[in-house]
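> below are the sequence and a predicted model; questions follow.
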Amino acid sequence: MITKFFIPELNNHDVQELWFQQYGATCHTARATIDLLKDTFGDRLISRFGPVIWPPRSCDLTPLDYFLWGYVKSLVYADKPQTLDHLEDNIRRVIADIRPQMLEKVIENWTSILDYFRSSRGSHMPEIIFKM
């Protein structure tokens, strides 16, 4: 996927300053994968074995994991798609319907989480309330 889709798609856009972040799943941190991502992103790779270290299993710190995937999944499967085409159509529709205001709120929440995380020096975050 990285070599056949992701990198060619990146080459279609101006992403010279783009950072890439991933969590520490074994399949994501295989030497060949990390080497390929380092070649593509250089020092702008945030990963378990990248130039910027990201701890394994820290998905609670990324907006994609704490919000987007759950939100998309809840809507994509709401009508119980029975075919791959139906599933793909649902995914496209749900992603297209996400409005900038929602993403702005997600980033505001994420910023609050990071501030809390810094001040608590990495402890659990039971007081965080996500606002929609």
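Done, it's in.

> who's sitting farthest from the centroid in this structure?
Seen from the C-alpha centroid of the chain, the residue lying at the greatest distance (CA atoms, centre = their mean) is residue 82, 26.6 Å away.

> quick check: that one is in a strand.
No: under DSSP: H, G, I helix; E, B strand; the rest coil, residue 82 sits outside any strand and is assigned coil.

> all helices for this protein, in order.
7-10, 31-41, 63, 69-76, 84-96, 100-119 (DSSP state H).

> take those helices and write them to TSV, including distance to residue 18, mean neighbour count and mean pLDDT.
Any C-beta I mention is one placed from the backbone N, CA and C, and that applies to glycine too. As requested, the helices of the chain are exported to TSV (distance: least, CB to CB, whole Å; neighbours: other CB atoms under 10 Å; pLDDT from 0 to 100):
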stretch	distance to residue 18	mean neighbour count	mean pLDDT
helix 7-10	7	12	86
helix 31-41	7	15	90
helix 63	16	15	69
helix 69-76	20	14	90
helix 84-96	19	12	95
helix 100-119	17	13	80
